[in-house]
Structure formats: structure tokens, C-alpha cells
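>>> Just a sequence and a predicted model for now, questions to come.
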Amino acid sequence: MMPSEAERERRLVYALHVLAEETSSAQPSPDVEQRLLLELRRVRPMRPIRWSWVAAIAAALVIAFLVPALITRPALTPQPDSAIAPLAQNDVDALTPWYFNEGLPEPEAGSVVRIEVLRAAADEYGVVLPESSSPYVNAELYVGDDGLARAIRFVR
């Protein structure tokens, strides 16, 4: 007949008590004690830091925290600005052609937003604008329904 779980536990506790009583007066030899003390007092050299691991962990943290912040940009919500008068229908010559963003999927809908940008931004597109003392020029952005700017044109 197999002893129950409680009986096996009781026997184990009894055996541990007997072992503790038998070894309570045991002492290590002086030689063993001296070797143990010397080993504990010995100064061990530190392992060198593996900078490649530190760099890899730092890169992983940058990717984990910065990339999602760059990907999840807030959507642009166009707001009408009454200070900027809309162009008349016959003022088409006052606008440059649209410069489209290549590689983005075609939006289902969008809106045109009038903004001011630095004159240097127009220069990057090769647009020749009349001289002005202002560092800003008017531009129109076509913003898709996903909030991404799809095209830009400048007001001459």
C-alpha cells in the first residue's frame, strides 16, 4: 500500500530533523575554512562591457519609441482662413502647376488648404516667383482624406 502525501511529508520532515541533529556539531577543517576565506576575499576582475550589446539595446529602444511616434502623425484638418481671399476664376495664371507626391495611394477625397511657406520651399521645386521682401509665399496644399499632403502649388 502507498503512503499518502501527508505521510510522505511527515517522514521527510523527520529525516531532515535527524540529519540536522547528527551534523550540528560538525565543523570544517581549518584548512578548508582558510581556503574558503581566501576565495571570498580574492578580488576578481570585472568582465569587460560589451559595447556592441549596449549599442544594440540602445538602437532597439530608439526604434521602439521613435518610429511609432513618426508613423502616427496627427491628421491635418483644414480650417478656413478668412484673411486669405480666394483667387478669382480668371487668376489661373497666378498659380504654378500642381507638384504631386509620387508613390502614395490615390485618395478617395481631399481638400485644398491655403498656407504660407518659406520662399526656399518654392525654390526647391524650381519655381520662379516675383521678388518680395517677405520670406514667405502663399501655397495651396491638396490634403487627402488620410491627412497626407498629396500635392502643392505656389501662388505667384
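Good, I have the coordinates. Residues are numbered from 1 along each chain as shown.
>>> would you list every one of the helices in the chain?
Under the criterion DSSP state H, the chain contains helices at 5-23, 30-41, 51-71, 119-124.
>>> got CSV for those helices, with mean pLDDT too?
What follows is the helices of the chain, written out as CSV (pLDDT from 0 to 100):
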stretch, mean pLDDT
helix 5-23, 90
helix 30-41, 87
helix 51-71, 79
helix 119-124, 80
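>>> mind giving me JSON lines with the ones you listed and columns for mean neighbour count and distance to residue 113?
All C-beta atoms are positioned from the backbone trio N, CA, C, and that covers glycine. Listed next are the helices of the chain as JSON lines, based on neighbours: other Cβ atoms under 10 Å; distance: least, Cβ to Cβ, whole Å:
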{"stretch": "helix 5-23", "mean neighbour count": "10", "distance to residue 113": "76"}
{"stretch": "helix 30-41", "mean neighbour count": "9", "distance to residue 113": "73"}
{"stretch": "helix 51-71", "mean neighbour count": "9", "distance to residue 113": "22"}
{"stretch": "helix 119-124", "mean neighbour count": "14", "distance to residue 113": "15"}
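>>> quick one: which of these is nearest residue 147?
helix 51-71 (12.5 Å; Cβ to Cβ).
>>> JSON lines please, covering the helices of the chain and showing distance to residue 110.
Listed next are these as JSON lines, based on distance: least, Cβ to Cβ, whole Å:
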{"stretch": "helix 5-23", "distance to residue 110": "73"}
{"stretch": "helix 30-41", "distance to residue 110": "74"}
{"stretch": "helix 51-71", "distance to residue 110": "21"}
{"stretch": "helix 119-124", "distance to residue 110": "20"}
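>>> Out of these, the one nearest residue 108 is which?
Residue 108 lies closest to helix 51-71 among those, at 21.1 Å (Cβ to Cβ).
>>> picking up where we left off before, out of the helices of the chain, the one nearest residue 135 is which?
Closest approach to residue 135 among the helices of the chain is made by helix 119-124 (5.6 Å; Cβ to Cβ).
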